[in-house]
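1. Sharing a model prediction with you, sequence too.
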Amino acid sequence: MIQTLTLWVLICLLAACNTQEPPADHADVLTDESVLSAPAIESFSKQFGEGDFNYADAVAWASDGTILAAFSSYDGDVIYDIDQMDASIMKIDGTGNMLWRTTLGGPNQDNFRFIFPDDAGGCLLVGRYDENRPGEQYAQVALWIVKINSEGSVEWEKTISREGSLQIFSATRTQNQLILGGQHSPNSLDGSAILMILDLDGNLVIEMEYASSKNIWGISHISGDRLVLGSFAGSYPTQYGFVRCVDFSGATLWSREYPELGIIYSADELADGELTFFSESYPDTVVIARADDQGGSIQASYVFPDTHDLSEQYMVSDELYWCMIQPSSDDSAPSLNLYCFTDDGPQWVRQIDTPMDLGSTTEYSLSVSPDGHWLAILGHAYTESGQNSLVWLTTLEI
C-alpha cells in the first residue's frame, strides 16, 4: 500500500511539472539572435595575397568566432624590398570568407606582429613602423600600435620612438595592460633588452632596459603577478639561453643563464606551477625544458634535432599546445606537427596538412579559438617559380 501511494504521488508530481507554464523568457532564449546567428566554423584552407611578395605576421581568433589575420606585402624584384612593404589586417569568418581588409603603413617597411582582439569585434595591433628619418645613419624603427574597430576602420594609432631602432618581438596582454618585450638598438651594432608596459589606450606606463641581455623573445605572465622574460646571451653562433623573472615594475626577482639551451622564445607556466622553456639553437635544434618557478632550475629537457620554427604556445583545458616544423618520415617536404605537453613531457598529437609546401615556409603563426576546439594557422610560402610568395590560412578541429 505504501509503495502504491508513493508511485501515485510521483505520477501527480510529474504531471504537475509537465503542465507548468514555460518561463517568461523561454521564447527569447529560442529566438535569441546572438545564438541563431552564431557563426559557423569549419575546416578550410585558403590562400591570400596581392603583389609579388606576401608574408604572414600574426593570427588571432576573435570572441565572435571570426579570425583576424595580419600580413605584409609589396611589389618588387627582390625579397624584402624595405621601401615598399605595407601592413594589412583582414577579418575572415569561420568558413574562410574574407569580411574586410585594411592596409596601413608608410613608404617603408611596416608590419604588425601581434593581434589582441577586443570584445567589440575590433582589435589592438602591435608592430613596427619604419620611420627612416632623413640624415640618420642607422634604421629608425618605431613601436607602432593601432586600434581597429569591428568594421576595419582605424580608431587611433600611435608610434613610440627611441634613438635608433625599437623593435618588439614578444607581447602579452592582461585585463588592462599590454606587456611588450624586444630590443632597443641606438645603432646597428649595439642593443639591449627592453620591457614596456602600456595601458590599452597606448600610453606608456613602465619602461625598463636590461643591458645584460640582448633581447626579449618571449614574455609569460605567471602566478604571483610575475613576468618571465625569455632571451639569450652570447654571440652568434654560440648564443645560449637567458631568463629573467621580474615584477610588474620591471624589477628583477631572479635571472639565470642556460648554456644547455638555445635562444629561449617562451617560458610558459604549467598547471603544476613548473615552467617550460622553449628554445632553438643553431643548427635547427629545438630543446624544451621543464624548470621550477623559483629560480629556474632545470628539472628535465627534451631535444628535437632537425626541428625549427617553433610556434606560439596555447593553453587548452590546462594543457599546453604548440607546433613545430620537422622532417617527414618519407623524405618529402617538411611537415608541421602539433604537440601537447603532458606529465610525461612533449607528446606528438598530429600532423597538420597545409595548402602550400612547407619547404619554403619561414614564418607562421597560430591561434586557438575561444572555446579551445579549433586551431587557426597562418603562414606563407613561395610558389613553385620562387618569384613570389603567398599567405595561407588553414583551420582544423583540435
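-> That came in fine, so what should we check first?
2. so where is the stretch 101-250 of the chain shaky, pLDDT-wise?
-> Applying pLDDT under 70 to the stretch 101-250 of the chain picks out residues 132-139, 188-189.
3. try it again with 90
-> In the predicted model, the stretch 101-250 of the chain carries pLDDT under 90 at residues 103-111, 121, 128-141, 162-165, 185-192, 211-215, 221-225, 232-240.
4. show me where it has strands.
-> Using DSSP state E, counting those that start in this stretch, the strands assigned to the stretch 101-250 of the chain run over residues 111-117, 123-130, 141-148, 154-160, 165-173, 177-185, 192-199, 204-210, 218-222, 226-233, 240-246.
5. Figure out which of these is closest to residue 397.
-> Among those, the nearest to residue 397 by CB to CB is strand 111-117 (20.3 Å). Every C-beta, even on glycine, is put in place using the N, C-alpha and C of the backbone.
6. to the chain's geometric centre, what's the distance from that closest one?
-> Centre-to-centre, strand 111-117 and its host chain are 8 Å apart (CA atoms, centre = their mean, to the nearest Å).
7. Paired strands for that strand, with orientation please.
-> Strand pairing for strand 111-117, determined by DSSP bridges: strand 123-130 (antiparallel).
8. how big is the angle separating the strand it pairs with from strand 154-160?
-> Computed by axes from the mean of the first three to the mean of the last three CA atoms, to 10 degrees, the angle separating strand 123-130 from strand 154-160 equals 40 degrees.
9. now what about strand 123-130, what contacts it?
-> 57, 60, 62, 68, 70, 82, 87, 89, 105-106, 108-118, 139-148, 159, 167-168, 171, 173, 178, 180, 200 (CB atoms under 8 Å, 6 or more residues apart in numbering).
10. Stretch 68-77 now?
-> So stretch 68-77 is in contact with 48-62, 81, 84-92, 109-113, 115, 117, 123, 125, 127, 376, 378, 380, 391, 393, going by CB under 8 Å, 6+ apart.
11. So for it, what gets flagged as buried?
-> 68, 69, 70, 71, 72, 73, 74 (16 or more other CB atoms under 10 Å).
12. How about stretch 245-263?
-> Going by neighbour count (16+ other CB under 10 Å), the buried part of stretch 245-263 is 245, 246, 250, 255, 257, 258, 261, 262, 263.
13. distance between the ends of that stretch?
-> One end of stretch 245-263 to the other measures 16 Å (CA to CA, to the nearest Å).
14. With stretch 334-349 instead?
-> Stretch 334-349 has an end-to-end distance of 16 Å (CA to CA).
15. Give me the buried entries from the contacts of strand 123-130.
-> Burial by neighbour count, judged by 16+ other CB under 10 Å, picks out 57, 60, 62, 68, 70, 87, 89, 105, 108-117, 139-148, 159, 167-168, 171, 173, 178, 180, 200 from the contacts of strand 123-130.
16. center of the protein - which residue?
-> Against the mean C-alpha coordinate of the chain, by CA atoms, centre = their mean, the closest residue is residue 312 at 5.2 Å.
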